[in-house]
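> Build me a structure from this.
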Amino acid sequence: MHFSVISKILGVLLMVFSTAMWVPILTALVEGDGSQRGFFLALGITFFSGLALWLPVRNADHELRIRDGFLITSLFWTVLGLFGALPFLLSNDLDLNVTEAVFESISGLTTTGATVIVGLDNLPSSILLYRQLLQWLGGIGIIVVAVAILPMLGIGGMQLYKAETPGPSKDTKLTPRITETAKALTKVYVALTIACAVAYYLAGMSAFDAVAHAFSTVAIGGFSTHDASMGYFESDAVLLVCTVFMIISAINFGLHYLAWRRLSITPYRKDSETNFFFGILLVGISITVFYLFVTETLSPSESVIHGLFQAVSLTTTTGFATQDYAMWPSFLPIMLLMFSSMGGCVGSTGGGIKAMRIMLIYKQGLRELQQLVHPNAVIPLKVGRRRVEASIVSAVWSFFAVYASTYLIMMLALMATGLDFTTAFSAVAAAINNLGPGLGEAAANYSSINEVAQALLCFTMLLGRLEIFTLLVIFTPAFWRL
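Residues are numbered from 1 along each chain as shown. As a prediction, the model looks like this:
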């Protein structure tokens, strides 16, 4: 393990992250809300902590191994979550303890969208914008951005890229060099953010709200500048814009890049995962709208618009809300929580297990049924025209087993802190899928949940963002053996 290089990289990344605080600082100065002091202090602490990590080992130069990549990825998300909490702790407009501040920070960076803050409408614009910016940075993935920077320092980034995107994936190397890939994906991400902000503004949002919600929409984060979330705007046009961009952001960004470069929708049409994702999404929307209509929970027109919006928001793990969906007939909230387990596609900003894994599990199930009927037949498992290797299927099932086991363990741990079953069950789903809103005490926000439970949920959010294995692997004895 090359700890000197790890320290060097963490130092650089912390110094780079500290520059993001200039955005809320400038906002505070323009608005005159007086919150710039807390951000200046947070910027200084973050930058000089990074400098202290980097300076003693600035000349270290070793080739990174895959274990180094896993450790850097896990450490960085954890360390960044801690330093990202500083503005919340140092703000005079918030009354958060350490656990709550870290919870808010990690929720933002992991694009979960769960919050412990009540009274968003009364907070300074600088703090609101900082929350949204955390989600935007988390959406693109700090490590992916760093991959474009680290090669300039003479450090290879391929190991970090593999560690950030474990599991089944398509050809993520869209361009010959990993640096160019990171730049290409970043361009797509920024372009979608700008397009989303413009669309929100044209739909009736203020310029500030349009930019703020574009940050969290493209990141599939779910943070809002209002307690009522998207319900604050009372606009069908806003909801439709949000729905479109949530769906777009849940699709593999590699496909967006290819479609953009070729000026064609063919990459989407030919992609098996995208087609499967749309199929599942359509099922969820249809059931939600139909059930709201037949139970007369909402009027026919409201059933369509709110059913569509809420089904997309929860399935893609965004977590925006127009109503208190927890008050809908109990079948729907539980079903939508289950749909959130799929999340987005591989290579998207969505959370969850990912559509690719769910599709492989589904196809493997069908294959086993066919094998029972024709025990001597050789039935290959295919995705499109490509045959899927047995090792990949085994890895998918292993992931699902660890996911399910982790879910049960964390749910029991939350119940041991005093939470009821509904709250614990939904809070773990919301955290591990990076969804945000849950049920019970976690329906509106997480301010009433005890500190121990909040700390456990912080760990669960990190597990979800790093797709479980990346974080758990560093707790295995084999990882630390020479």
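> residue furthest from the geometric center of this protein?
The C-alpha centroid of the chain is most remote from residue 376, which lies 43.6 Å away (CA atoms, centre = their mean).
> Would you agree that residue falls within a strand?
No. Per DSSP: H, G, I helix; E, B strand; the rest coil, residue 376 lies outside any strand segment and is coil.
> So for it, what's the pLDDT?
We note a pLDDT of 85 for residue 376 in this prediction.
> For it, what are phi and psi?
Here is the backbone geometry of residue 376 (degrees, to the nearest 10): phi -100, psi 0.
> All the strands of the protein, residue numbers only.
Using DSSP state E, the strands of the chain run over residues 382-383, 386-387.
> for residue 390, what are its contacts?
By CB atoms under 8 Å, 6 or more residues apart in numbering, no residues touch residue 390. (Glycine included, C-beta is placed from N, CA and C.)
> quick one: it and residue 367, what's the gap?
The gap separating residue 390 from residue 367 is 11 Å, by CB to CB, to the nearest Å.
> shouldn't residue 184 be in contact with residue 258?
No. Under the criterion of CB atoms under 8 Å, residue 184 makes no contact with residue 258, lying 9.7 Å away.
> and residue 187, how many residues sit next to it?
13 (other CB atoms under 10 Å).
> Before we move on, what's the pLDDT of residue 458?
pLDDT, residue 458: 96.
> coming back round to it: let's have the strands of the chain in a markdown table, adding mean neighbour count.
Listed next are the strands of the chain as a markdown table, based on neighbours: other CB atoms under 10 Å:
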| stretch | mean neighbour count |
| --- | --- |
| strand 382-383 | 15 |
| strand 386-387 | 10 |
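> In CSV: those, plus mean pLDDT and distance to residue 471.
Putting those into CSV (pLDDT from 0 to 100; distance: least, CB to CB, whole Å) gives the following:
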stretch, mean pLDDT, distance to residue 471
strand 382-383, 82, 27
strand 386-387, 82, 30
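> which ones are touching residue 37?
90, 92.
> what pLDDT does it get?
You'll see residue 37 listed with a pLDDT of 93.
> what does the one 10 residues further on give?
The model reports residue 47 with a pLDDT of 96.
> how close does the nearest residue to it once chain neighbours are set aside sit to residue 84?
Once flanking residues are discounted, residue 47 sits nearest to residue 18: 4.0 Å by CB to CB, 6 or more residues apart in numbering. Noted for residue 18: a distance of 10 Å to residue 84, by CB to CB.
> Could you list the low-pLDDT ranges of the protein?
142-179, 482 (pLDDT under 70).
> Let's see that with 80 instead.
1-2, 60-70, 141-182, 384-385, 470, 481-482 (pLDDT under 80).
> Tell me how far the residue positioned nearest the centre of it lies from residue 218.
Geometric centre of the chain, nearest residue: residue 111, 3.7 Å, by CA atoms, centre = their mean. Applying CB to CB, the value for residue 111 to residue 218 is 10 Å.
> Need the overlap of contacts for those two.
Counting by CB under 8 Å, 6+ apart, the common neighbours of residue 111 and residue 218 are 139, 349.
> Could I get the full set of helices for the stretch 101-250 of the chain?
125-140, 142-149, 158-164, 178-203, 207-218, 236-249 (DSSP state H, counting those that start in this stretch).
> In the fourth one, which residues are buried?
Yep, that's helix 178-203 we're talking about. Residues of helix 178-203 classed as buried by neighbour count (16 or more other CB atoms under 10 Å): 178-179, 181-182, 184-186, 188-189, 192-193, 195-197, 199-201, 203.
> Just want the angle from it to helix 207-218.
130 degrees (axes from the mean of the first three to the mean of the last three CA atoms, to 10 degrees).
> One more: the last one?
Angle, helix 236-249 to helix 207-218, by the same axes, to 10 degrees: 40 degrees.
> got the angle between helix 236-249 and helix 125-140?
Angle of helix 236-249 versus helix 125-140, following the same axes, to 10 degrees, is 30 degrees.
> buried residues in helix 236-249?
Counting neighbours by 16+ other CB under 10 Å, one finds that the buried residues in helix 236-249 are 236, 238-239, 241-243, 245-249.
> Select, from the residues you listed, the two members most distant in space.
236 and 249 (20.3 Å; CB to CB).
> sorry, back to before: need the buried residues of helix 236-249 in TSV (columns: distance to residue 288).
Output for the buried residues of helix 236-249, formatted as TSV (distance: CB to CB, whole Å):
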residue	distance to residue 288
236	17
238	19
239	14
241	19
242	16
243	13
245	19
246	15
247	15
248	20
249	20
